[in-house]
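Engineer: got a structure for you, letters missing:
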């Protein structure tokens, strides 16, 4: 049985586009029947992202479907699925799909759909390291908080840390430390090793988590992004300040919410991922081809193609009228009509896009 790995952001905001919904009309209707729409006619529901390495319509082999009740309702655009692939492949190899938020606007009569997904950014979904061996709770993601005094960690590990301009996601543990008469601050560790500290102001935002979780015998854990540069490192926590947290997040957190995954591979193609392609769409002879145009681009293509046909017929009719009237005759070198035709086509394309 496939598990669900939490890849939801801290808010219900959905900004990742999905495409190909018109190929899965009956599945879209199933969502509208089983879920309730808000007063604006928008359906909000839980969905999952599923890697389909065996999808025959994918150009890259990295197709990612959006599913509701294990039924395909759309796909991530190919250009976006490629960025999610390393983490999706590790999840798939570990027996998990990515749990996400979804928002649907649907007009089933006109077959007009808009589907957006709420998911963490690529590179921040799956941490590179394993969770702690002891019981722990996760601080919900929310805001970027800078870790200071990281130079000692960099000097001790600079020969093994790969330079990464975009950063690598880690799970870090937070600990309360006191030095002399100063106010306590939060120490940050990766796999038990000191990597830096938070300022007093930043510490105050997360210290309630550390205190409450410690009282329950839990380690306080949050996601962090480490950016390794040529002479130093930058570490940024992704954590929701305690004053913005809901009561259960602070006082009754889920224990050990993330599982241990398959060992991280530097080359994601090495993961053993199962085939998950479900076959053809319910309302088409073929499931949505990942390399195809999005719904918007397909509409533009239809407009341009139609314009080409009309202009070609108009041009042919003009040539025939000229031939019958004896004013001119068509030859392949007639550049005026050809250049005019190209100009019309260019204008049509600009208006369409």
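Structural biologist: Structure's in. What do you need? Predicted model, so just to flag it, every value in this text is computed and none were measured.
Engineer: SS state for residue 79?
Structural biologist: helix (DSSP: H, G, I helix; E, B strand; the rest coil).
Engineer: return the distance of it relative to residue 16.
Structural biologist: 12 Å (C-beta to C-beta, to the nearest Å). (Glycine included, C-beta is placed from N, CA and C.)
Engineer: with residue 157 instead?
Structural biologist: 34 Å.
Engineer: circling back to that earlier point, which one's more surrounded, residue 79 and residue 16?
Structural biologist: Neighbour totals were compared for residue 79 and residue 16, and residue 16 leads with 22 against 10 (other C-beta atoms under 10 Å).
Engineer: in this structure the more buried one contacts residue 77, no?
Structural biologist: No. Counting by C-beta atoms under 8 Å, residue 16 stays clear of residue 77, with 9.1 Å between them.
Engineer: from the contact counts, what lies against the helix or strand containing residue 51?
Structural biologist: For residue 51, the element it lies in under DSSP states H and E is strand 42-52. With contacts defined as 3 or more C-beta pairs under 8 Å, 6 or more residues apart in numbering; DSSP states H and E, strand 42-52 has these neighbours: helix 25-34, strand 63-68, helix 78-93, strand 96-107.
Engineer: so how far is the next helix or strand after the second one off the chain centroid?
Structural biologist: Looking back up the chat, that one is strand 63-68. Helices and strands here follow DSSP H and E; after strand 63-68, the next one along the chain is strand 71-75. How far strand 71-75 lies from its chain's middle: 15 Å, per C-alpha atoms, centre = their mean, to the nearest Å.
Engineer: next one: stretch 217-230
Structural biologist: With C-alpha atoms, centre = their mean as the basis, stretch 217-230 stands 21 Å off its chain's centre.
Engineer: buried residues, that stretch. List them.
Structural biologist: The neighbour-count check on stretch 217-230 (16 or more other C-beta atoms under 10 Å) flags 218, 219, 220, 221, 222, 223, 224, 225, 226, 228 as buried.
Engineer: what does stretch 234-243 give?
Structural biologist: Neighbour counts over stretch 234-243 (16+ other C-beta under 10 Å) mark 235, 236, 237, 238, 239, 240, 241, 242 as buried.
Engineer: going by distance to residue 184, which of those residues wins?
Structural biologist: Nearest to residue 184 among the buried residues of stretch 234-243 is residue 242, at 14.3 Å by C-beta to C-beta.
Engineer: excluding chain neighbours, what is closest to that closest one?
Structural biologist: Nearest residue to residue 242 in three dimensions, chain neighbours excluded: residue 208, at 3.8 Å (C-beta to C-beta, 6 or more residues apart in numbering).
Engineer: do the same with residue 44
Structural biologist: The spatial neighbour of residue 44 that comes closest, neighbours along the chain excluded (C-beta to C-beta, 6+ apart), is residue 103 at 5.5 Å.
Engineer: check contacts around that neighbour.
Structural biologist: Residue 103 makes contact with 14, 42, 43, 44, 115, 116, 117, 118, according to C-beta atoms under 8 Å, 6 or more residues apart in numbering.
Engineer: now those in CSV, with distance to residue 7?
Structural biologist: CSV is the format used below for the contacts of residue 103 (distance: C-beta to C-beta, whole Å):
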residue, distance to residue 7
14, 12
42, 21
43, 20
44, 17
115, 16
116, 15
117, 10
118, 9
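Engineer: filter those to the buried ones?
Structural biologist: Applying 16+ other C-beta under 10 Å to these, the neighbour count classes 14, 43, 115, 116, 117, 118 as buried.
Engineer: and the second one, what does it touch?
Structural biologist: This points to residue 43. When contacts are counted by C-beta under 8 Å, 6+ apart, residue 43 touches 31, 32, 35, 36, 37, 103, 104, 105, 106.
Engineer: try 10 Å
Structural biologist: Residues counted as contacts of residue 43 (C-beta atoms under 10 Å, 6 or more residues apart in numbering) are 28, 31-32, 34-37, 68, 102-106, 115.
Engineer: show the pLDDT at the closest residue to it other than its chain neighbours.
Structural biologist: Counting by C-beta to C-beta, 6+ apart, residue 104 is the residue found nearest to residue 43 once chain neighbours are left out, at 4.3 Å. pLDDT for residue 104: 97.
Engineer: for residue 223, helix, strand, or coil?
Structural biologist: Here residue 223 is recorded as strand under three-state DSSP.
Engineer: please, where are all the helices along the chain?
Structural biologist: With DSSP state H as the criterion, the chain has helices at 25-34, 78-93, 151-157, 200-215, 247-251, 295-325, 335-352.
Engineer: pLDDT of the fourth one, averaged?
Structural biologist: Across helix 200-215, pLDDT averages out at 97.
Engineer: other SSEs contacting that helix?
Structural biologist: Applying 3 or more C-beta pairs under 10 Å, 6 or more residues apart in numbering; DSSP states H and E, we find helix 200-215 packed against strand 136-138, strand 143-146, strand 164-177, strand 185-190, strand 219-228, strand 233-239, helix 247-251.
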